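Colleague: Okay, predicted coordinates and the sequence, questions at the end:
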Amino acid sequence: MGTELTGVFWFNVGAFAFGLILAITSFNYYKKLGRTRTGVYWAIGCIASCLLVMNGVIKFVDMMDEHMKKEAFALLEETYEDRGDPNNESFKNLELVVNPEKIKRFTAYDIYAANFNKQYTYKGKVEITIKNKKGKKVFTHVTEAITIKPGEKKVIKNVNYDTWHPGYSWKWLGELKK
């Protein structure tokens, strides 16, 4: 969360700096025309507009990320209903979804995991194999060590790759403990 706030801070600093440049330019223009009050209004408007537009873009991106997260968590629920074992504590109650998101020059593979066990915590890593349309292995990624408590759903750090591929499989490399 700290890096997100730092990014938002620097985007706002950039928007403020751009707004300040526009404000100074417009103020000087109206001052030369002898309309200083209008120049002040334009200067304030420039700064406010730049900050509003930048924060609107940031809010839109955050809303899209939250929407993708909700969809992924709903898909985790669906796959658990299909494959899970609610009567036993086991690896069958661990689910994972990989959502490829095409960005201009690369693809971000967003990883979501859930532990539907009631008592057991998962500690370990996940090996994710990305596959092409023919089902052939393109690359394998092993996540950092993670801990997923009973009933917890979480976003795992994404993986970036140069091309988009639709298929994947995964393997849990850890243990369930009480």
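Modeller: Right, received. Where do you want to start?
Colleague: got the contact list for the nearest residue to V126 once chain neighbours are set aside?
Modeller: Leaving aside its chain neighbours, V126 sits nearest to T143 (4.7 Å; criterion: CB to CB, 6 or more residues apart in numbering). In short, each C-beta sits where N, CA and C put it, glycine included. By CB atoms under 8 Å, 6 or more residues apart in numbering, T143 lies in contact with 111, 125-128, 156-157.
Colleague: ok, which pair from the residues you listed is furthest apart?
Modeller: Across these, no pair lies farther apart than E127 and K157, at 14.7 Å, counting by CB to CB.
Colleague: Which one's more surrounded, these two?
Modeller: E127 (14 against 9; other CB atoms under 10 Å).
Colleague: Tell me which residues of whichever helix or strand that one is part of come out buried.
Modeller: If you go by DSSP states H and E, E127 is part of strand 121-131. With burial defined by 16 or more other CB atoms under 10 Å, the residues of strand 121-131 counted as buried are 121-122, 124-126, 128, 130.
Colleague: for the helix or strand just after it, packing partners?
Modeller: Per DSSP H and E, the first helix or strand lying C-terminal to strand 121-131 is strand 137-142. Helices and strands touching strand 137-142, as assessed by 3 or more CB pairs under 8 Å, 6 or more residues apart in numbering; DSSP states H and E, comprise strand 121-131, strand 153-161.
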